[in-house]
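A.B. asks: I would like the atomic coordinates for the input below:
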Amino acid sequence: MRRRRSSGMDDEAEVDLTPMLDVVFIMLIFFIVTASFIKEVGIDLNKPDGGDAPKTVAENENILIQITNEGLIFIDRRNIDIRAVRANIERLHAERPNGQVVVAPGAASANGILVEVMDQARLAGVEEISLAAEVN
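C.D. replies: As a prediction, the model looks like this:
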């Protein structure tokens, strides 16, 4: 007898994905359990409270001292003798207590004059002395 093969039979092969999903979940659990969680080392910063705004000094409150290449000293655009530097700084510092002393030496000025002017400013009671490279 002859067997008949019908073309409409459901002999198609199916792939069962359940074992593969089981393996994926087991691997996921394995990696989560064996993962090492590292705490990064850092610096704890103490940020200041948001109090007052930082104080700014107006440019006209600063005491400007210029030293020329020839050794002349100008305080607020007036020529001053080295012996009168302390007295002038004391007077201007009393008038402008919030201002700083800004010393602007020339490129070829003598270092000795610069040091002496800075010493006179410290003797006058000024703690904050700044150096400027160039003044326009």
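A.B. asks: Strands along the protein, start to end?
C.D. replies: 63-67, 73-75, 78-80, 101-105, 129-131 (DSSP state E).
A.B. asks: ok, Asp76 touching Asn62?
C.D. replies: No. Counting by CB atoms under 8 Å, Asn62 is not a contact partner of Asp76; they are 9.5 Å apart. Placement of C-beta: from N, CA and C, glycine included.
A.B. asks: Could you check which of the two is surrounded by more residues?
C.D. replies: Neighbour count, other CB atoms under 10 Å: between Asp76 and Asn62, Asn62 has more, with 19 against 13.
A.B. asks: Please name every helix or strand in contact with the longest helix along the chain.
C.D. replies: As assigned by DSSP state H, the longest helix anywhere in the chain is helix 18-34. Taking 3 or more CB pairs under 8 Å, 6 or more residues apart in numbering; DSSP states H and E as contact, there are no helices or strands that helix 18-34 lies on.
A.B. asks: could you dump it to PDB, C-alpha only?
C.D. replies: This file holds the C-alpha atoms of helix 18-34, laid out as PDB (Å, rounded to 0.1, in the frame of the first residue of the first chain):
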ATOM      1  CA  THR A  18      12.200  28.600  27.500                       C
ATOM      2  CA  PRO A  19      15.600  27.000  28.400                       C
ATOM      3  CA  MET A  20      17.500  29.900  26.800                       C
ATOM      4  CA  LEU A  21      15.500  32.400  28.800                       C
ATOM      5  CA  ASP A  22      16.300  30.500  31.900                       C
ATOM      6  CA  VAL A  23      20.000  30.600  31.200                       C
ATOM      7  CA  VAL A  24      19.800  34.400  30.500                       C
ATOM      8  CA  PHE A  25      18.100  35.000  33.900                       C
ATOM      9  CA  ILE A  26      20.600  32.800  35.700                       C
ATOM     10  CA  MET A  27      23.500  34.700  34.100                       C
ATOM     11  CA  LEU A  28      21.800  38.000  35.000                       C
ATOM     12  CA  ILE A  29      21.500  37.000  38.600                       C
ATOM     13  CA  PHE A  30      25.100  35.800  38.700                       C
ATOM     14  CA  PHE A  31      26.500  39.100  37.400                       C
ATOM     15  CA  ILE A  32      24.400  41.100  39.800                       C
ATOM     16  CA  VAL A  33      25.500  39.100  42.800                       C
ATOM     17  CA  THR A  34      29.200  39.000  41.800                       C
END
